[in-house]
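Student: after the sequence you'll find the predicted model.
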Amino acid sequence: MDDLDDDLTVASCTRCPDLVESRSRIVSGVGPAEADLLFVGEAPGANEDEQGEPFVGRSGDVLDDGLRDVGLARADVRITNCVRCRPPDNRDPTSEELANCRGYLDAEIAAVDPEVIVTLGKVPGEHLLDRSLAVTQEAGTVEEIAIDGTNYRVLVCVHPAATLYDRSQRDTFASALQKAAEFADDGGQSRLGDY
Ligand code: URA
């Protein structure tokens, strides 16, 4: 795509007028370009906008802890968002904003070609599965999607922040991450599992 300086980094984009106003910077995905696991969140929040990296606030701490608990490090996985600019007042991205950013996400998915895409929360789950989702009930389930003729697995997971305001979601989150870890290829990546 025009605004991608490689298949992974969005260098410039002015498609969403509200987001051009509200963002400090474009927050592209981070992590290995050949990661087995691609985590997809909704959109950057204040911390991510400030630091230029997805999931670096409290949700990021929960994600990092959850990964560690299943023997993975943040550096082992790729983490991105459906929308790469912080929406004003942390509102949900609109369907138009999701659509405007979709090409970047699809290009990143194609470039990384992960074993499994893990959707963090309702917005990315519904966006990629293209249907409504009961995210808590469906967490841990895997479904195939096709993007430009290539099939990918999507593993539904609750948003890490959900575990902060509802303790009962902790097990749901942990089980989904455990399932994600089972898709990770031991050979190609550093694992913390056996220390
Ligand atoms: N929540 C998200 O969905 N994405 C982030 O990058 C941070 C919090």
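Tutor: In hand now; what should we look at?
Student: list the beta-bridge partners for the nearest residue to residue 143 once chain neighbours are set aside.
Tutor: Here the nearest residue to residue 143 in space, its sequence neighbours aside, is residue 154; by CB to CB, 6 or more residues apart in numbering that works out to 5.3 Å. Quick note: C-beta positions are derived from backbone N, CA and C, even for glycine. Taking DSSP bridges, one finds residue 117, residue 143 as the beta-bridge partners of residue 154.
Student: residue 154: neighbour count?
Tutor: Taking other CB atoms under 10 Å as the criterion, the count of residues near residue 154 is 21.
Student: which residues touch the residue positioned nearest the centre of the chain?
Tutor: Centre of the chain computed as the mean C-alpha position; nearest residue by CA atoms, centre = their mean is residue 40, 1.3 Å away. Remark: with contacts taken as CB atoms under 8 Å, 6 or more residues apart in numbering, residue 40 is in contact with 80-82, 105, 117-120, 124, 128.
Student: what helix or strand is it on?
Tutor: Assignment of secondary structure by DSSP states H and E places residue 40 within strand 37-41.
Student: so is the very next helix or strand once past that strand next to the ligand?
Tutor: Sequence-wise, the next helix or strand beyond strand 37-41 is helix 46-51, with elements assigned using DSSP H and E. Yes: under the criterion of CB under 6 Å from any ligand atom, helix 46-51 makes contact with the ligand via residue 48.
Student: may I see the buried residues of helix 46-51?
Tutor: Of the residues in helix 46-51, those scored as buried under the neighbour-count criterion (16 or more other CB atoms under 10 Å) are 47-49.
Student: any chance of the residues you listed in CSV with pLDDT as columns?
Tutor: Output for the buried residues of helix 46-51, formatted as CSV (pLDDT from 0 to 100):
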residue, pLDDT
47, 97
48, 98
49, 98
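Student: give me the neighbour count for residue 18.
Tutor: Quick note: residue 18 (other CB under 10 Å) scores 15 neighbours.
Student: mind checking how far it is from residue 26?
Tutor: Separation of residue 18 from residue 26 (CB to CB, to the nearest Å): 14 Å.
Student: and the residue nearest to residue 143, what does it touch?
Tutor: Under the criterion of CB under 8 Å, 6+ apart, the neighbours of residue 154 are 116-119, 125, 128-129, 142-145.
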